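Trainee: pasting a predicted model and its sequence here:
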Amino acid sequence: MEKQTAGREKLGDLAPTFAQLNDDVLFGEVWSREDQLSLRDRSMITIAALMAQGLFPQLKSHFIMGQKHGIKKEEAVEIVTQLAFYAGWPKAWSAFPLIEEVYGETNE
């Protein structure tokens with residue numbers, strides 16, 4: 001897994017402790033525990049949690065990450081379709097354009 005630095009890049013001056021926890025603990029320690037859950041599985045779980053809460057800017061970032069972790073476009077569509085019944089139909093409508101943005105015409 002590539003080193004996460006988004007916290008430091010975006011919040012390092014404003015909230016350095018939060019940025020450090022984001023990069024080093026959440027993405028450094030928790031996400032690196034691949035012997036417990038694969039990166040792909042962690043991405044699917046995170047996508048579900050973010051969509052359920054309607055956190056669409058973060059959801060887009062995690063679709064990008066999920067794509068890097070092997071989630072195909074058709075799988076992302078299926079995840080959102082499944083979640084529509086549990087998280088809300090309007091949230092699914094809001095998530096599908098993000099999939100289109102991230103994956104474009106490709107299925108990768």
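Mentor: Yep, that arrived.
Trainee: contacts, neighbours, all on C-alpha from now
Mentor: Will do.
Trainee: so where do the helices sit in this protein?
Mentor: Taking DSSP state H, the helices of the chain run over residues 6-11, 16-20, 39-53, 56-68, 73-87, 89-103.
Trainee: which regions of this protein sit below the pLDDT cut-off?
Mentor: Scanning the chain for pLDDT under 70 picks out 1.
Trainee: okay, now the domains of the chain?
Mentor: 1-32, 40-108 (automatic domain parsing).
Trainee: burial count for Phe85?
Mentor: By other Cα atoms under 10 Å, the residues close to Phe85 number 10.
Trainee: for the domains of the chain, which one ends up most surrounded?
Mentor: Among those, the stretch with the highest mean neighbour count (mean count of other Cα atoms under 10 Å) is domain 40-108, at a mean of 17.
Trainee: just the terminal-to-terminal distance for it.
Mentor: Distance across domain 40-108, first residue to last, is 13 Å (Cα to Cα, to the nearest Å).
Trainee: just to check, Ala95 is in contact with Leu55?
Mentor: No. Using Cα atoms under 8 Å, Ala95 makes no contact with Leu55, being 9.7 Å away.
Trainee: pull up the overlap in contacts between those two.
Mentor: By Cα atoms under 8 Å, 6 or more residues apart in numbering, Ala95 and Leu55 have no common neighbours.
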